[in-house]
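Asker: Sequence first, predicted model second:
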Protein chains: 2
Amino acid sequence: MTEAALSEALHPFDRAVALEAAADRGEGVVTGHTDPAYTNMVGPFGGITAAVLVRAVLDDARRLGDVLSLTVNYAAPIADGAFDVTAIPVRTNRSTQHWIVQLTQDDVVTTTATIVTGVRRDTWSDTEAAMPAVPPAEDVPLRPMPDFVAWARNYEMRFVEGALPDTDTGAQPDSTTTLWVRERPSRPLDVPALAALSDVFYPRILRRRGTFVPAGTVSLTTYFHADAETVEAQGDRPLLATARAGVFGGGYFDQSARLWSPDGALLATSHQLVYFKH
Amino acid sequence: MTEAALSEALHPFDRAVALEAAADRGEGVVTGHTDPAYTNMVGPFGGITAAVLVRAVLDDARRLGDVLSLTVNYAAPIADGAFDVTAIPVRTNRSTQHWIVQLTQDDVVTTTATIVTGVRRDTWSDTEAAMPAVPPAEDVPLRPMPDFVAWARNYEMRFVEGALPDTDTGAQPDSTTTLWVRERPSRPLDVPALAALSDVFYPRILRRRGTFVPAGTVSLTTYFHADAETVEAQGDRPLLATARAGVFGGGYFDQSARLWSPDGALLATSHQLVYFKH
């Protein structure tokens, strides 16, 4: 199979997070390429950028344990084309490791991130958060996002509540969106894909205002609560994803989200600060 | 007044976050010193470290706008003594600025952080989160933390629910803690003090287990929802602080918290991933 044919055969997600070593540019430097399938309004979908940064750390031979937490700061738009990711494990403890990660284009920083990885141990466990009571995914109709949002075509979305407003939806008092979501075409879940899914929600401000408002994530933090094996054991079943804002004002709002497996495991919690206009 | 007498006259918080320029060690480098008043089990209270990092960026002449978001990763214990803080504005946009901040001792990284600052603009605003319905602070009895937790002596805590468990409290089904809190002695609120308060909760695992369990914050993210003037206008009134965990397992749990002004302004939301043993 030629390299081009192989690339065609890859799932769009795997193509978008594919990274190559570039050790000649320093230890921990890898290169990647933006993928047109994940284009957003300005630059790529924030979730795919998060996934790329997670992929870089997971691929690094120095990495200790699972990804526990991730913070991504979207400092500047990423232009279509090649980028470098530099991942530096600034501190390695017995059970945790602290990474500083940056995405650059022509040596200009577009994205900063910190990632904590670590060993999970067998401890007392309990899920205090409550999974929303919703119909099973197969009973919820597919409702695609508008076609001009390229990245959203990679996700099969079944909104239980809070779908993207129509022109006649009007302003809503509650920003909650809850949906069953999986990749399209379907693909077995892994940790980078879960990182991407933590940013799968359209901006909460659109729902509150009932109209289109320019908005973009400033900073995203995701906590991963399951080990890689548990994440991968989900296969291609849809996850239940739910998000809500806390407060809007001064040009920013916050969002908190949870990603549940169909059988009630809280796989990830995620928070973000979002810029909006008007 | 001698320097020693002046230092005595400073509020413990101001003493703990005092930083001096050390430009000879590079642009954006300042030095500070741990303060015995903020000692925790191992190294200083995580909140005071967060405050120091915020202080460093606020003091930097290159800083644009208010602090919008802060992520602090507690990579290693900070030893008693001097430390350096290096704050680098890696990207400055028209309305936002992205900082990478590190705390080091003898050139060893103990703490990594990213801070986003930015200009707030007049936009549509709404508080979607609901402030807990609680009695006013003056009707809630003071309940200090145990005396061996040095840092907690700097806070006047009035627990509405979820006080630190006693030996006879037993395991609890809900990790929520809600308290009125202000500094002791009282001190007008500012943004670094708000950053510290976002970590004022004892570990949620203690409440669930009803017993002492070793625990420590791995990563803390705080979003600031009010401009500096609004924060400072709070004066020394207590804030209503509430926190709850989402899921425990594998040696880690997450916590989400909100900090409210007495008149119902959501000043900050904060999230953390916490390590625990057993």
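Answerer: Now that the structure is in, tell me what you want to look at.
Asker: helices or strands up against the longest helix seen in chain A?
Answerer: Secondary structure of chain A per DSSP state H: the longest helix is helix A:46-59. For helix A:46-59, the elements it packs on are helix A:12-16, strand A:29-33, strand A:66-74, strand A:82-92, strand A:96-105, strand A:108-118, helix A:191-197, strand A:215-224, judged by 3 or more Cβ pairs under 8 Å, 6 or more residues apart in numbering or on different chains; DSSP states H and E. Bear in mind the C-beta positions are built from the backbone N, C-alpha and C, glycine included.
Asker: tell me how far that helix is from the chain's mean position?
Answerer: 9 Å (Cα atoms, centre = their mean, to the nearest Å).
Asker: Also stretch A:193-203?
Answerer: 4 Å.
Asker: That one and chain B, are they touching?
Answerer: No - counting by Cβ under 8 Å from any Cβ of the partner chain, chain B is not contacted by stretch A:193-203; separation bottoms out at 12.7 Å.
Asker: Ok, stretch A:217-232 next?
Answerer: Yes - shown here: stretch A:217-232 in contact with chain B (Cβ under 8 Å from any Cβ) through A:218-219, A:221, A:223, A:225-227.
Asker: The most centrally placed residue in chain A: what's its closest spatial neighbour, skipping adjacent residues?
Answerer: The centre of chain A sits closest to A:Ala196, judged by Cα atoms, centre = their mean, with a distance of 2.1 Å. Once flanking residues are discounted, A:Ala196 sits nearest to A:Gly47: 3.7 Å by Cβ to Cβ, 6 or more residues apart in numbering or on different chains.
Asker: quick one: that neighbour from chain B, how far?
Answerer: Taking Cβ to the nearest Cβ, to the nearest Å as the measure, A:Gly47 falls 17 Å from chain B.
Asker: For that residue, grab the count of nearby residues.
Answerer: 28 (other Cβ atoms under 10 Å in any protein chain shown).
Asker: cool, A:Pro238 as well?
Answerer: With other Cβ under 10 Å as criterion, A:Pro238 counts 23.
Asker: Roughly how far does the closest residue to A:Pro141 other than its chain neighbours sit from A:Ala152?
Answerer: In space, and not counting its chain neighbours, A:Pro141 is closest to A:Arg158: 6.6 Å by Cβ to Cβ, 6+ apart. Between A:Arg158 and A:Ala152 the distance is 13 Å, computed by Cβ to Cβ, to the nearest Å.
Asker: got the residues of the stretch 151-278 of chain A near chain B?
Answerer: A:174-175, A:208-209, A:218-219, A:221, A:223, A:225-227, A:244-252, A:254, A:256, A:258, A:266, A:269, A:271, A:273, A:275-278.
Asker: How about the contacts made by the residue nearest to A:Pro141?
Answerer: A:137, A:140-143, A:179-181, A:238 (Cβ atoms under 8 Å, 6 or more residues apart in numbering or on different chains).
Asker: again, 7 Å this time
Answerer: A:137, A:140-143, A:179-180, A:238 (Cβ atoms under 7 Å, 6 or more residues apart in numbering or on different chains).
Asker: Tell me the predicted confidence for it.
Answerer: pLDDT, the model's per-residue confidence, is 97 for A:Arg158.
Asker: Each with direction, which strands does whichever helix or strand it is part of pair with?
Answerer: Using DSSP states H and E, A:Arg158 maps to strand A:155-161. Applying DSSP bridges, strand A:155-161 is found paired with strand A:177-183 (antiparallel).
Asker: Which residues does the partner strand contact?
Answerer: A:13, A:132, A:134, A:137, A:140, A:154-162, A:193, A:197, A:200-201, A:207, A:236-243.
Asker: What subset of those is buried?
Answerer: Those of these that meet the buried threshold are A:13, A:134, A:137, A:140, A:154-160, A:162, A:193, A:197, A:200-201, A:207, A:238-243, by 16 or more other Cβ atoms under 10 Å in any protein chain shown.
Asker: A:Ile88: what's it in contact with?
Answerer: For A:Ile88, the contact set (Cβ under 7 Å, 6+ apart) comprises A:28, A:99-100.
Asker: That one pairs with what?
Answerer: Applying DSSP bridges, one finds that A:Ile88 bridges with A:Ile100.
Asker: So it versus B:Ala87, what's the distance?
Answerer: 18 Å.
Asker: contacting residues around the closest residue to A:Arg182 other than its chain neighbours?
Answerer: Excluding its sequence neighbours, the residue lying closest to A:Arg182 (Cβ to Cβ, 6+ apart) is A:Pro238, at 4.1 Å. For A:Pro238, the contacting residues are A:137, A:158, A:180-182, A:262, by Cβ under 7 Å, 6+ apart.
Asker: Out of those, which is nearest to B:Ser125?
Answerer: Set against B:Ser125, the nearest of the contacts of A:Pro238 by Cβ to Cβ is A:Val181 (29.6 Å).
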